[in-house]
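Novice: sequence unknown, structure follows:
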C-alpha cells in the first residue's frame, strides 16, 4: 500500500511539474531611458559610483512573478564617463546592474539611440549586458557575432522562444564598423523570421522601434508592417519609440491547415522610466503575456494578455539633497493605500490617475484588459 501511495505521489508531482511547464508568463516593459537628471539622481559620486536600485523597488515584486522579464534599453553603456542624457544617451554600468537585480532577464537594444556612444557604445553595451547575465539582441559586436547569435533563441522550461529586434533608424548616425544595428528592412525581416521558424520555436517575438513620437494612436506604416510580420510567422509584435502608450490589438490569422490563430501587436508601451515631461510620457505599460502549450499537440498559443499601467514618479524625501526617479504600478498607488510605504501628494496622485485613465480608455476600446495590482501585493513583497 505504501509503495502504491508513493507511486501515485511521485506521479502527481511529475504531472504537476509537466503542467506547470506548459505555461510561460512573460512581462514586457517600454523604454528604459537615461536622461541627464536620472544620471544625476543616481549619482553617489559623480563619474565613479551610481545607485539605480530605488528606481525599481516597487516593480521588482511584479517582475518576480514572471518567467521572463523583457525591456527596451534605449541608451548606450560606454563603460566610462562622461555620462550624458539627451541627445546622446550614455549611462553608467550600474543601471543594468540594478535592472538585473530587479528581475529583468532580456533587453533589446536596437533603437534610434543605439549609435549614441559610437563603436565603443555599441560593443560595450553588448558586453556589459552579457557580463550582467542578460539575454540581449538587436545590436551586435560585428557581423559574425550576429550570424552566430541571431535570431536569439531562449529556452525556458519546456518552451523554445525566438526573439528578433529592429529599429527604424539611428538618428542619422551611421553604425560604426564592424558593429551591426538591425534596421527595418522588410526583406531582411522576412528572411530572419524564416530563419527563426527553422529553429521550430514555440513562439517568435519581434520587437520593433517605430511610430510617431507622442502620438496615442499607431500610424498606417506600423499597422502595415505589423500585419506583414504576423503573416510571415511572428507570434507577437512588441513596439517601442513613441514614448507614450499606443493600442494593444489582436489580429485573427488564417493558417495553412484551415485553423485560425491570433496574432498580437503591442504598438507602444510608452516609457518605463525617463525624465521626459511631455504629456503622457510619465505613463507606461507593463504587459503580461502568457503562452500555453497543448501537451498532446505541442502547439502553443497566447492564452492571456493583460496590461499594468506604471507611473514615473519623482520623489524627494524630507531633507534630501535630490529627488529619486521611481516606476510605480498605478493601481497600487492611486487610492493612497501605499502612503506609509511611499509618500505622494494628493495633487501628484490626482495627476497620475488622470493620465492613467486616458491611457486606460484608449486601450479598453480595443479590448485590452488591465490587471489591477493591489497595494497588498506590493507591500507583501517589499516588507519582506
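Specialist: Ah, there it is. Just so it is clear, the structure is predicted and the values come from calculations on it, not from any experiment.
Novice: I'd like the next helix or strand past the longest strand that the chain contains.
Specialist: Counting by DSSP state E, the longest strand found in the chain is strand 300-315. Downstream of strand 300-315, the first helix or strand assigned by DSSP states H and E is strand 324-329.
Novice: Show me the contact partners of that next one.
Specialist: Contacts to strand 324-329, defined as Cβ atoms under 8 Å, 6 or more residues apart in numbering, come from residues 37-38, 41-42, 54-59, 62, 272-273, 275, 284, 286, 308-317, 342, 373, 378. All C-beta atoms are positioned from the backbone trio N, CA, C, and that covers glycine.
Novice: List only buried entries from the residues you listed.
Specialist: Neighbour-count burial (16 or more other Cβ atoms under 10 Å) applied to those gives 37-38, 41-42, 55-59, 62, 272-273, 275, 284, 286, 308-313, 315, 342, 373, 378.
Novice: Mind jotting down where the strands sit in the stretch 1-150 of the chain?
Specialist: 23-32, 43-45, 49-50, 68-73, 106-108, 135-137, 139-140 (DSSP state E, counting those that start in this stretch).
Novice: Just the residues contacting the second one, thanks.
Specialist: Residues from elsewhere that reach strand 43-45 (Cβ under 8 Å, 6+ apart): 49, 50, 51.
Novice: And stretch 32-40, by the same measure?
Specialist: By Cβ under 8 Å, 6+ apart, the list of residues contacting stretch 32-40 reads 46, 50, 71-75, 83-86, 89-92, 95, 99, 107, 271-276, 322, 325.
Novice: so where is the protein shaky, pLDDT-wise?
Specialist: Along the chain, the parts satisfying pLDDT under 70 run over 1-21, 381-384.
Novice: ok now do the residue nearest the centre of it, which residues does it touch?
Specialist: Nearest to the mean C-alpha position of the chain, by Cα atoms, centre = their mean, lies residue 71 at 2.5 Å. Shown in contact with residue 71 (Cβ under 8 Å, 6+ apart): 28, 29, 30, 32, 99, 104, 106, 107, 108, 272.
Novice: and the gap between it and residue 28?
Specialist: Going from residue 71 to residue 28 by Cβ to Cβ, to the nearest Å gives 7 Å.
Novice: got it, and residue 365?
Specialist: 21 Å.
Novice: what residues are up against residue 338?
Specialist: Per Cβ under 8 Å, 6+ apart, neighbours of residue 338: 58, 332, 344, 375, 378, 379.
Novice: Now it: phi and psi?
Specialist: phi -100, psi 10 (degrees, to the nearest 10).
Novice: change the start of the numbering to 59 and stick with it
Specialist: Right, with 59 as the first residue, what we last looked at is residue 396.
Novice: circling back to that earlier point, buried among the contacts of stretch 90-98? Need that as a selection in ChimeraX.
Specialist: Those of those that meet the burial criterion (16+ other Cβ under 10 Å) are gathered into one ChimeraX selection, given here:
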select :108,129,130,131,132,133,141,142,143,147,148,149,150,153,157,165,329,330,331,332,333,334,383
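Novice: In helices only, show me the contacts of stretch 90-98.
Specialist: When DSSP state H defines the helices, the subset of these inside them is 153, 157.
Novice: count of neighbours near residue 197?
Specialist: Residue 197 has 29 neighbouring residues, counting by other Cβ atoms under 10 Å.
Novice: I meant to write residue 308 there.
Specialist: Residue 308 is flanked by 15 other residues according to other Cβ under 10 Å.
Novice: Repeat that for residue 128.
Specialist: Counted by other Cβ under 10 Å, the residues lying close to residue 128 total 24.
Novice: tell me the contacts of it?
Specialist: For residue 128, the contacting residues are 84, 85, 86, 87, 162, 163, 164, 165, 166, 296, by Cβ under 8 Å, 6+ apart.
Novice: before we move on, what about residue 137?
Specialist: Residues near residue 137 by Cβ under 8 Å, 6+ apart: 151, 178, 182, 186.
Novice: which of those residues lies closest to residue 323?
Specialist: Distances from residue 323 to these, taken as Cβ to Cβ, are shortest for residue 186 (30.6 Å).
Novice: can you tell me which two in the contacts of residue 137 are farthest apart?
Specialist: Going by Cβ to Cβ, the pair spanning these furthest: 151 and 178, at 12.8 Å.
Novice: chain center to stretch 341-361, what's the gap?
Specialist: 15 Å (Cα atoms, centre = their mean, to the nearest Å).
Novice: cool, and stretch 414-421?
Specialist: 19 Å.
Novice: Show me which parts of it are buried, residue by residue.
Specialist: Buried residues in stretch 414-421, counting neighbours by 16+ other Cβ under 10 Å, are found at 414, 416, 417, 418, 420, 421.
Novice: contact partners of it?
Specialist: 274-275, 303-306, 328, 338, 341, 343, 365, 367, 369, 388, 392, 428.
Novice: List just the nearest of those to residue 197.
Specialist: residue 328 (22.0 Å).
Novice: okay, now that closest one: neighbour count?
Specialist: Count around residue 328 with other Cβ under 10 Å applied: 27.
Novice: and the nearest residue to it once chain neighbours are set aside, what does it touch?
Specialist: Spatial nearest neighbour of residue 328, excluding adjacent residues (Cβ to Cβ, 6 or more residues apart in numbering): residue 342 at 3.7 Å. Going by Cβ under 8 Å, 6+ apart, residue 342 touches 87, 88, 89, 303, 327, 328, 329, 330, 367, 368, 370, 385.
Novice: all strands for the stretch 259-408 of the chain, in order.
Specialist: Using DSSP E, counting those that start in this stretch, strands in the stretch 259-408 of the chain cover 261-267, 294-298, 303-312, 318-327, 329-331, 341-351, 358-373, 382-387.
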